[in-house]
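Trainee: What follows is a predicted structure for the sequence shown.
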Amino acid sequence: MTDMKEKFSSLFNKAQELGKSAVETAKATAEKGKEAVEEHIREREANEIYRKLGKKVFKLATRGELQLPSECDKYLEALNELYDEGDKDDASAEIPACKDGETCDKADDKADKPADAESKADDKANDTKED
């Protein structure tokens, strides 16, 4: 009878150890998953910012307001070719003009701004008002 109690106790202790190990493994896996998701979100946000930066640089360079190194010429040419092809099919592909005839960079910037960036800016403005 004592032998059975010892076996049961031994099995019970092993089951507890395995349970603790499973919980630790699950926590570690969840933490790695959380870190991977956060990294993916950072990369997505960075890519969006790079896209906006590239769009702005392209506009400035094609207007002659920004001189880029010659290494960038192939990229400008590729984009110009894409826009030239698009212009043949769609005349509305032009950059919109403001009332004064210049392009509406501020309107473009606001349209390009992600919703959470706008809400963060609004929150920051509200925080400043309360101080």
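Mentor: Great, that's in hand.
Trainee: Mean pLDDT per helix and strand in the protein: which one sits at the bottom?
Mentor: helix 105-112 (a mean of 48; mean pLDDT, DSSP states H and E).
Trainee: all strands for the protein, in order.
Mentor: In the chain, no strands are defined using DSSP state E.
Trainee: what bits of it have low per-residue confidence?
Mentor: 86-131 (pLDDT under 70).
Trainee: Helices of that one, residue ranges please.
Mentor: 2-62, 73-89, 105-112, 115-130 (DSSP state H).
Trainee: Now mean neighbour count too, for the ones you listed, in JSON lines please.
Mentor: No exception for glycine: its C-beta is placed from N, CA and C like everyone else's. Listed next are the helices of the chain as JSON lines, based on neighbours: other C-beta atoms under 10 Å:
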{"stretch": "helix 2-62", "mean neighbour count": "11"}
{"stretch": "helix 73-89", "mean neighbour count": "11"}
{"stretch": "helix 105-112", "mean neighbour count": "12"}
{"stretch": "helix 115-130", "mean neighbour count": "9"}
